[in-house]
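J.: Sequence plus the predicted model coming up.
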Amino acid sequence: MTEAFEPKITAFVCNWCTYAGADLTGTSRIKYQSNVRVLRLPCTGRIDFMLLAKAFARGSDGVIVSGCHPNDCHYTSGNYHARRRWMIYRNLMDFMGIDTRRVTFSWVSAAEGARWAELVNEVTTTVRALGPYTEYKELALTGVE
Amino acid sequence: MSRIGVFTCHCGENIGATVDCAKVAERTRNVPGVVHSVDYKYMCSDPGQSMIKDAIKEHGLTGVVVAACSPRMHEPTFRSAVEEAGLNPYLCEMANLREHCSWVHEKNDATTDKAADLIRVMVEKVKHNTPLHPIRVPVTKRALVLGGGIAGIQAALDIANSGHKVVLVEKSPSIGGHMSQLSETFPTLDCSQCILTPRMVEAARHPNITLMTYAELEKLEGFIGNFKATIRKKARQVDEKLCTGCGMCITKCPQKKIPDEFNEGLGKRSAIYVPFPQAVPNKPVIDKANCTFYKSGKCKVCEKMCPTGAIRFDQQDELVTLDVGAIVLATGFKVMRTDKFPEYGFGKYADVIDGLQFERLASASGPTLGVMKRPSDGKEPETVVFVACSGSRDRAKGVPYCSKICCMYTAKHAMLYKHKMHHGKAYVFYMDIRSGGKDYDEFVRRAIEEDDVKYIRGRVSRIYEEDGQLIVKGADTLLGGEPVEIKADMVVLATAVQAQDGSEELAQRLHVSYDPYHFFAESHPKLKPVETNTAGIFLAGACQAPRDIPETVAQASGAAAKVASLFSKDELTREPVVAVVNRLPAPTFSYCVGCFLCQSACPYQAIEAEEIRGRDGTLIKTLAKVNAGLCQGCGTCVSTCRTKAIDIQGFSNEQIFAELMTL
């Protein structure tokens, strides 16, 4: 790990809570680390394992998945599906050799602008400490992908 | 081959000051597929939009990326601009440079890099976008109003008067709500029942309104324009059609000592009862918890006495299913129970009461017929202390918000008391007076100056009883915190306004969001104050936040206007962001194997089974099929599908993976 290492964080967020929350962070002019790239999806229920795996394969050093708090899903239960799925993904990732510390699953509501900044900063700091993620990328580039 | 145009906005200084827009536009020019990339000061302005339109025609663009603010802000603006230039609006995407980049990062190279990245991602997505067309769905022109207080009544009347059918559902046996309990109303001191009861009758008699009292919403399915509501009509044990409201059953009922909810426990009622004399409908209900027959199996006096044979001991709850197009939530509020304040002795001393109890004491139709009598011994209270902000604006013990109505109703209470007992003394302990409203401040001044109500600024620390009198101890902060001690005969606590019991559960059932205090949340605090985040569900009155009557009525009319404008069209158009199951030529037909995992994952019951049959009628395959009217586009089915046969338009696997591949 070099000192200049800046991690690449990919965030999969739902349109209704976290995306709006991240918008609020902007509207409130709260500063946070610029390492994150946000991909907007309708719901955390839409996020499947392949997206996370692909993000790592394409060079992400950390991944954030964030949506509405339990009970507050715009689509009633999408986030519950996501949460249940995540329990399985975590084991699967572990099995595949992806360090689960690199994936953060969180809830950020549309009102939690400050929370989004906090979350991004936390994850960036954690992943920066973990160093660049290369293992899966190397594997992917050899054609296993 | 894609021909993408990228338009980078400076948003004045908002983006321009932090991100080097010219450099971003320059770099974007080299992204494969991009044929046109410019930056401009205000992309959303008329000249900005014209720039996009002209470029589409001039360069024959097949897709547009506008790198500006959040798509939640201006996506509709740019999509319609693109449409005007003859391109399908769904071939336009936005990169969020303002909220997600310039406003949250410092001015440096990393920020400019991020801006370029965000654009690159969207360019990749838009290359894989397909033209989409809005979905049209029919509208059921019937509204459901939940809650029969003044908010619900007003909303129902306004919708009904605009020519549409309304079902008004109220959980208690009569409509009228808290307003029917009030004695007089501020700032005019006119009698609450005098202005409310004609409205109640009007609602009951209106040909477009169906009244369902003693009923609650059990289940809600569907979506805007096409809701299916299941209402539980609780058994009154009285046949409403046969009952004439003569009241014979009530007079003869042997159980007469039950604390009366309408009079806030200050009066008594029988087990078969009508909540109050002007109740609408004027049909009694049996309170099963207190009825002798339900407790011991013997009695049935009411049944024997009823001249029309309307009593039905065997009546069961009934479930009614209704198709409705829009819903108005008007479930109101409750006042905080004062036994949370042991230092005020509520619950311990009968003469410490809350605001609603005082309303009943002062009301001509109340338990004392409007004569000022204190609850403990019926003595006329010579000195009354009113305590404002009991539980409100009190983070430590109550709720942090202002209950908004107490300053006004406390002034009103003090005046009502003084008007009835000219020689009596009225004291008000307050934190500060919030009387913003037409003629409101004048009203409070009148209480102080004309009716000689003594206002003391300071909190009450303790209330205790001594020699049959309540000793109120407080401080006068205008006199530098000097201790004040008042010997009172009665104390009225203006307790906090809170969300109705069960509002959290109701919100979850309706998929409406709520705030930390369980009041329903509006879609936008300033610009969408009557809408909720669920399309087709609107808010009226104190279920959203503490409200007074004029504000409640105004909001109810606002909600009704929203419903009426929704019902003014025969069809609604919806975003085409919905799931689709792929279809392929025979013999594959689709990758779908008919496992229906998607069906069990779908929160909207939008997935149906479709049978593929050969010419001779034999079943070849059963596939999943999405009902586009029900699908809301969450995409939970997509991640559940094992064969990846289902996909979501606008956020397809192809699009998302394309985005990922540029990272």
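T.: Alright, I've got the coordinates.

J.: which residues does residue 109 contact?
T.: Since you didn't name a chain, this refers to chain A. A:17-18, A:21, A:68-69, A:72, A:115 (CB atoms under 8 Å, 6 or more residues apart in numbering or on different chains). To be clear about C-beta, it is placed using only N, CA and C from the backbone, and glycine gets the same treatment.

J.: where does the residue nearest to the spatial centre of chain A land in three-state SS?
T.: Central residue of chain A (CA atoms, centre = their mean): A:Ile64, 1.1 Å from the mean position. Assigned with DSSP: H, G, I helix; E, B strand; the rest coil, A:Ile64 falls in the strand class.

J.: ok now do residue 135, which residues does it touch?
T.: The chain I'm using is chain A. A:97-98.

J.: actually it's chain B I care about, not the one you picked
T.: Per CB under 8 Å, 6+ apart, neighbours of B:Ile135: B:573-576, B:578, B:628-629.

J.: cool, and B:Tyr440?
T.: Contacts for B:Tyr440 (CB under 8 Å, 6+ apart) come out as B:186-187, B:408.

J.: on that earlier part again, which of the contacts of A:Ser109 sits closest to chain B?
T.: Checking these against chain B by CB to the nearest CB gives A:Asp72 as the nearest, at 5.8 Å.

J.: Quick check: nearest residue in space to that closest one, chain neighbours excluded?
T.: B:Ser513 (5.8 Å; CB to CB, 6 or more residues apart in numbering or on different chains).

J.: what about that neighbour, neighbour count?
T.: Residues lying near B:Ser513 (other CB atoms under 10 Å in any protein chain shown) number 25.

J.: For it, give me the pLDDT.
T.: B:Ser513 is assigned 82 on the pLDDT scale.

J.: That one: what's it in contact with?
T.: A:72, B:507, B:520-521, B:532-533.

J.: pLDDT and secondary structure added to the residues you listed, as CSV?
T.: Listed next are the contacts of B:Ser513 as CSV, based on pLDDT from 0 to 100; DSSP: H, G, I helix; E, B strand; the rest coil:
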residue, pLDDT, secondary structure
A:Asp72, 77, coil
B:Ala507, 91, helix
B:Phe520, 95, strand
B:Ala521, 89, coil
B:Thr532, 87, coil
B:Asn533, 76, coil
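
J.: Highest neighbour count among those?
T.: For these, the largest number of neighbours (other CB under 10 Å) sits with B:Ala507, at 26 neighbours.

J.: For B:Lys23, grab phi and psi.
T.: phi -70, psi -40 (degrees, to the nearest 10).

J.: Verify the contact between it and B:Asp113 for me.
T.: No: between B:Lys23 and B:Asp113 there is no contact under CB atoms under 8 Å: 9.8 Å.

J.: quick revisit: of the contacts of B:Ile135, buried ones?
T.: The neighbour-count test (16 or more other CB atoms under 10 Å in any protein chain shown) marks B:574, B:576, B:578, B:628-629 as buried among the contacts of B:Ile135.

J.: closest to chain A among the residues you listed?
T.: The closest of the buried ones among the contacts of B:Ile135 to chain A turns out to be B:Val578 (CB to the nearest CB; 10.1 Å).

J.: Mind pulling up the pLDDT for the closest one?
T.: Listed pLDDT for B:Val578 reads 92.

J.: give the contact list for it.
T.: B:135, B:626, B:628, B:631-633, B:648-649.

J.: How much space separates it from B:Cys598?
T.: Noted for B:Val578: a distance of 13 Å to B:Cys598, by CB to CB, to the nearest Å.

J.: What of B:Lys298?
T.: 57 Å.

J.: neighbour count winner among those two?
T.: The neighbour count for B:Lys298 versus B:Cys598, taken as other CB under 10 Å, is higher for B:Cys598 (23 against 8).

J.: any idea how far B:Ile648 is from that one?
T.: Separation of B:Cys598 from B:Ile648 (CB to CB) stands at 11 Å.

J.: Between those two, which contacts overlap?
T.: B:579, B:637.

J.: May I see the buried residues of stretch B:592-600?
T.: B:592, B:594, B:596-599.

J.: Which one of those is nearest to B:Asp451?
T.: Minimum distance to B:Asp451 across the buried residues of stretch B:592-600 is 67.7 Å, recorded for B:Gln599 (CB to CB).

J.: which element is that closest one on?
T.: For B:Gln599, the element it lies in under DSSP states H and E is helix B:597-601.

J.: Any part of that helix near chain A?
T.: Yes: against chain A, helix B:597-601 shows contacts by CB under 8 Å from any CB of the partner chain at B:Ala601.

J.: re earlier: adding distance to B:Asp476, write the contacts of B:Ser513 out as JSON lines.
T.: Converted to JSON lines, the contacts of B:Ser513 look like this (distance: CB to CB, whole Å):
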{"residue": "A:Asp72", "distance to B:Asp476": "45"}
{"residue": "B:Ala507", "distance to B:Asp476": "42"}
{"residue": "B:Phe520", "distance to B:Asp476": "39"}
{"residue": "B:Ala521", "distance to B:Asp476": "39"}
{"residue": "B:Thr532", "distance to B:Asp476": "45"}
{"residue": "B:Asn533", "distance to B:Asp476": "46"}
